[in-house]
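Enquirer: Generate a structure from the sequence data that follows.
(one chain, ligands or ions: 1)
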Amino acid sequence: MNVEISIDREKCMGSGNCVYWAPQVFDLDDAGMAIVVGDPLDDDERVHLAVRNCPTEAITVPTR
Ligand code: SF4
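Expert: Reported below is the predicted structural model:
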């Protein structure tokens, strides 16, 4: 099962916090916006750290 993470590109300010906390799951694209590059299930705990540490609350992970 794939967990859908959504990143609100209107809110994302490209701080890179999510990449810091979960580098296997997040990266910044050429525009400096966060994108999902990995399977969030591989690193569930770090994904939640990334969500909590996003300064603009741009990352949404559906509750399970
Ligand atoms: S932590 Fe939030 S604001 Fe920063 S790059 Fe990631 S999604 Fe964007």
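Enquirer: Chain neighbours aside, what residue packs nearest to Gln24?
Expert: Nearest residue to Gln24, sequence neighbours excluded (C-beta to C-beta, 6 or more residues apart in numbering): Gly38, at 4.5 Å. To be clear about C-beta, it is placed using only N, CA and C from the backbone, and glycine gets the same treatment.
Enquirer: Kindly report the same for Thr56.
Expert: In space, Thr56 is closest to Lys11, 4.5 Å off (C-beta to C-beta, 6+ apart).
Enquirer: how near is that neighbour to Ala58?
Expert: Distance, Lys11 to Ala58, using C-beta to C-beta, to the nearest Å: 4 Å.
Enquirer: Pick out whichever of these two has more residues nearby.
Expert: A count of neighbours by other C-beta atoms under 10 Å puts Ala58 above the other of Lys11 and Ala58, at 21 against 14.
Enquirer: from memory that one sits against Ser15, does it?
Expert: No. Using C-beta atoms under 8 Å, Ala58 makes no contact with Ser15, being 9.3 Å away.
Enquirer: In which helix or strand does the residue nearest to Thr56 reside?
Expert: Using DSSP states H and E, Lys11 maps to neither a helix nor a strand.
Enquirer: Tell me the first helix or strand C-terminal of the helix or strand Arg52 falls within.
Expert: In the assignment (DSSP H and E), Arg52 maps to helix 44-53. Next helix or strand after helix 44-53 toward the C-terminus (DSSP H and E): strand 59-60.
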